[in-house]
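[1] Predicted structure and sequence below. I'll ask about it afterward.
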Amino acid sequence: MKFYFAHNFYKRKEYRKLELQLEEELGIELFNPFYDDDSRIEEMAELDNSEDKFNRNEESADYIVKRDLKNLADCDVLFTIIEEPSFGTCIEIANAILMRKKVWIVTKKYLYHPWIKVYADKRFESIDEFKITYKTFLSK
């Protein structure tokens, strides 16, 4: 199974560390759109030095969205951690549902939110709960 790791732009460095840890510990493949797409290397460096992180021209915005949707389509499951809502993550979840992908969400604060209850195939209150569930899933 290949997971698309949707997450908040501002937490991307913190989540990159977690992603690499989970991949090593669980043998899982998490595709991180900020780091695992080689076409984003220059973009991430530019954004790290920019004050206006989201100001893009039409062509650039269109390219980013189409690229992320293609990468999502190439995965089996959308995996996300939601501490605070993110426009991009919410729209990626909606697109995953439209693509008939599984949606796995880690969130303590929004675990019982109606949209998450209805549309998440699996909900986890913590990363540890996700790890236990994933290990159990693998052993079947």
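    Received, thanks. Residues are numbered from 1 along each chain as shown.
[2] quick one, what contacts the nearest residue to residue 37 once chain neighbours are set aside?
    Closest residue to residue 37 apart from its sequence neighbours, by C-beta to C-beta, 6 or more residues apart in numbering: residue 71 at 6.2 Å. Where C-beta positions appear, they are placed from N, C-alpha and C, glycine not excepted. By C-beta atoms under 8 Å, 6 or more residues apart in numbering, the contact list for residue 71 reads 4, 31, 33, 37.
[3] I'd say the last one and residue 67 touch.
    Yes: judged on C-beta atoms under 8 Å, residue 37 makes contact with residue 67 at a distance of 6.7 Å.
[4] quick revisit: out of the contacts of residue 71, which are buried?
    Those of the contacts of residue 71 that meet the buried threshold are 4, 31, 33, 37, by 16 or more other C-beta atoms under 10 Å.
[5] Just put those residues in JSON lines and tack on secondary structure and distance to residue 91.
    Below are the buried ones among the contacts of residue 71 laid out as JSON lines (DSSP: H, G, I helix; E, B strand; the rest coil; distance: C-beta to C-beta, whole Å):
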{"residue": "4", "secondary structure": "strand", "distance to residue 91": "13"}
{"residue": "31", "secondary structure": "strand", "distance to residue 91": "17"}
{"residue": "33", "secondary structure": "coil", "distance to residue 91": "12"}
{"residue": "37", "secondary structure": "coil", "distance to residue 91": "17"}
